[in-house]
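Visitor: Below is the structure, and that's it, no one-letter string:
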């Protein structure tokens, strides 16, 4: 294991060098898209900027964008560790195995992997409970729809996306028993032209609310053109479409977490953690609910946000049946994180099936 | 499951919109290929057009100036390709691929400060009475001006190739450049003009995405439409009206699959997404029987040795 | 007025010298670009070209150059044979994907059995998968005269859809919490294309690439098939009179290039990449076309061109992380390098004369 030793020695040497040098903490970020994508990667980069803002000259941040998942990711992460990073955030699910591999070679560097499930001595995972935001969206959507048809642009059939659909549906249904979800699987996270087409197809089929789990503003523009359709910002606030069609949004707010974890490394208190934060700790932000939403609906939504934040209310609270009618959660029972993390079924009432 | 939710009128109207960037890029590439040049850099030219059009219309507030800028941007980028293949006699396949790589990078650099901005809107051409007609109104009279430009361009290219002397020269150059040269035509000049035209069309197609269809600017937003345009030219067997038909078909398959999904019909999305390419291969095989379809000099370099 | 005169034989001097000139010109143009972006141009150029080879952490980057260059070289060698004979397989990306899917499928079918036979079986499956995908345009060309450029390109898109379908369906890791992507071969010993000597980056794919370079060299210089390939490319009519069977040549060239691309895909999926996923392919198949031309379709040239491409990738990544250069600037830089290399190739094939105007 000559090579591993070499790497470790280099890392230690670099670590010593950095400690000697005014103790600047170096934080690295690996991004899957360009920082200019206006969505997922853009928000992670906002988080990086929050770290710079919080610690000023005490930190140095580096990032690499457009890193393909797989072999290239492993090299990018290794290279950051070699260059003396103390803490590295890898911000896409596909970086899971590369992160674990590199972490083995650099025991003194801390790693944080977003949305994965594999931890190690020096690897934490973190993710956000976006489904809490979906619950709020569902509520507003259910109240405001006149056609009772809600369009949903889904990306890939994975638990994260399915959770969002279920959460939105449950809360829309609760306030509007006649509501119907029309779901389009776009098979992309980001393809503006296709998202625009999907939004149009949904609108033409009568949807007057569009929920999206893809990252571009194309659906917002399509809704604006249609004139009587409301939307919600996804990943970032998309405030340029407020107050209408965009009536609220789910914002990925990584800043507080990144700042806290950087602080922990500086203080030497960093420990492996499995973080799944929601509205409460601020990882999921609810963008301002615009005045296009009637005051009473807005008040109810704000109330729900407060209860979700305090933990008084869980977005998946029974009774809830699965799509085929089999019971899932009994009256008052709340979903456990394990089931949520691997969610692969629709709840009762949603039409259609999950493709695979 | 509710097929009646799909309105055929709206479906046709929106597939026309979805098809327009494809149509514009493909009609340009058709002219390039008719002149005997294979430019695989369509994706690169489209995205540069998309960013040029976006930037200029945001800065000037005029979507029309933006459209002009997009055409200029695409054409300028294609000049690089023209230089490489016509003067430096570099391989066309490699040059086209390099052009796409370069264009994607360049557009991302140029567009850095335009992320998250809304461009000025381009209105639809509203003709009183006509636009309000049922069925034909939304299909024929409710669109933006660029969509009509696409249709007009198709007709113009068809007419030029078929009836004019310029079209004859272009085809002669593409079929047999040695013979065209012997007849005294400037092979290289004709090809450069064709390449520039192709670049301008691709740029316009890109701007249609960033200014009208989406509208926003983000890196890599053309997401492979340039490559589909290449397939489309072949599918159309280098005939302008078939390009139009093919663009509607390719755009239509996508719009239709989204509509079917929304109507609650489970469809294997990946396999449907393959179908345009498989159909194109099938068309290619059928066409191979007809040797006249592909320009005979396609992809071959020309150098006047005397 | 400038006149170009075709050389009877490509100039040896310029064949070697133009790449050097192109790299230098790119350094200058790229330096200007980086300066315009507010970075120190000399530092940026040094980071891209010098640091991976001789910098502080070159012990890590040098092996990585091989990891990145390996698949490029392996694919480009296969392509160059066809390109020399005027057979244009530009769908190597699709053959690469199919090789990975077929090879991985065989490996995963045996999971979790451990046996020394599994990896060789995977290689064969990858090779056959890539070859079969290349046979489609080959046979269509032979049977119907269909244009192989276009068919092979179309099949890339089909392969990409197939890849998405496989990572979400058939090959999805049953223990992957519902996420797309297959099991990781790095944790399945029998199917893992591990480093042959730890720390060198040398894995079976790279060994295959080196062997391919040598075999291609021997084939082109010593074997009748190589002679036929060169003859067909340089003088197709003479080749036909000389008894070269074009059908056989097309099938052979397409088959070899497909097989090598398929193998490259298999080595990548079972080694550095580790798993089948939606974004498994990162464009090696297309970049290899450029590498083949940069290497002037010559085995040794391809070896060097592949390493040069790898250098710009890895140096570019370092420049991103250390100097904060945007990824797009690196892409533009690579594009410029290709342009200059392609443009200057003129010098090796043509003689430039400055003639008086009017004289023809």
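Guide: Cool, got the structure. Computed from a predicted structure; not experimentally measured.

Visitor: residue contacts, residue A:146?
Guide: With contacts defined as C-beta atoms under 8 Å, 6 or more residues apart in numbering or on different chains, residue A:146 is in contact with residue A:208. Any C-beta I mention is one placed from the backbone N, CA and C, and that applies to glycine too.

Visitor: Could you check how far it is from residue A:289?
Guide: Residue A:146 is 19 Å from residue A:289, where distance means C-beta to C-beta, to the nearest Å.

Visitor: OK, now which residue of chain C is nearest to chain A?
Guide: Taking C-beta to the nearest C-beta as the measure, chain C has residue C:199 as its residue closest to chain A, at 2.8 Å.

Visitor: That residue should be in a helix, yeah?
Guide: No - secondary structure of residue C:199, determined by DSSP: H, G, I helix; E, B strand; the rest coil: coil, with no helix assignment.

Visitor: Over to it: give its phi and psi.
Guide: When quoted as degrees, to the nearest 10, the phi and psi of residue C:199 stand at phi 90, psi 0.

Visitor: again, but for residue C:197
Guide: In terms of degrees, to the nearest 10, the main-chain angles of residue C:197 are phi -130, psi 120.

Visitor: Surely residue A:134 and residue A:168 touch.
Guide: Yes - here residue A:134 lies in contact with residue A:168, judged by C-beta atoms under 8 Å, at a distance of 4.4 Å.

Visitor: residue ranges with poor pLDDT in the chain?
Guide: Reading this off chain A. In the prediction, chain A carries residues with pLDDT under 70 at positions A:1-22, A:356.

Visitor: Chain B, not that one
Guide: Applying pLDDT under 70 to chain B flags the ranges B:1-3, B:5, B:124-132, B:134-137, B:289-293, B:304-306.

Visitor: Need the single longest helix in it, by residues.
Guide: When chain B is parsed with DSSP state H, its longest helix is helix B:8-34.

Visitor: How about that one and chain A, touching?
Guide: Yes - Helix B:8-34 comes into contact with chain A when judged by C-beta under 8 Å from any C-beta of the partner chain, the residues involved being B:10-11, B:14, B:18, B:21.

Visitor: is that helix anywhere near chain C?
Guide: No - contact of helix B:8-34 with chain C (C-beta under 8 Å from any C-beta) is absent, the minimum separation being 10.5 Å.

Visitor: what do you get for stretch B:218-231?
Guide: Yes - part of stretch B:218-231 sits close enough to chain C to count as contact by C-beta under 8 Å from any C-beta, namely B:219, B:227, B:230-231.

Visitor: Looking at these, which is nearest chain C?
Guide: If you rank these by distance to chain C using C-beta to the nearest C-beta, residue B:231 comes first, at 5.9 Å.

Visitor: Considering the residues of stretch B:218-231 next to chain C, which possesses the most neighbours?
Guide: Tallying neighbours with other C-beta atoms under 10 Å in any protein chain shown puts residue B:219 at the head of those, with 27 neighbours.

Visitor: who touches residue B:255 in this structure?
Guide: If you count contacts by C-beta under 8 Å, 6+ apart, residue B:255 has them with A:197, A:200-201, B:11, B:14-15, B:18.

Visitor: Give me the distance between it and chain C.
Guide: Plainly put, residue B:255 is 18 Å away from chain C if you go by C-beta to the nearest C-beta, to the nearest Å.

Visitor: my guess is residue C:230 contacts residue C:220, does it?
Guide: Yes - checked against C-beta under 8 Å, the pair residue C:230 and residue C:220 is within contact range at 6.7 Å.

Visitor: Assumed residue C:8 was part of a helix.
Guide: No - secondary structure of residue C:8, determined by three-state DSSP: coil, with no helix assignment.

Visitor: Please give the element, helix or strand, for residue B:75.
Guide: The secondary structure element spanning residue B:75 is helix B:63-82 (assigned by DSSP states H and E).
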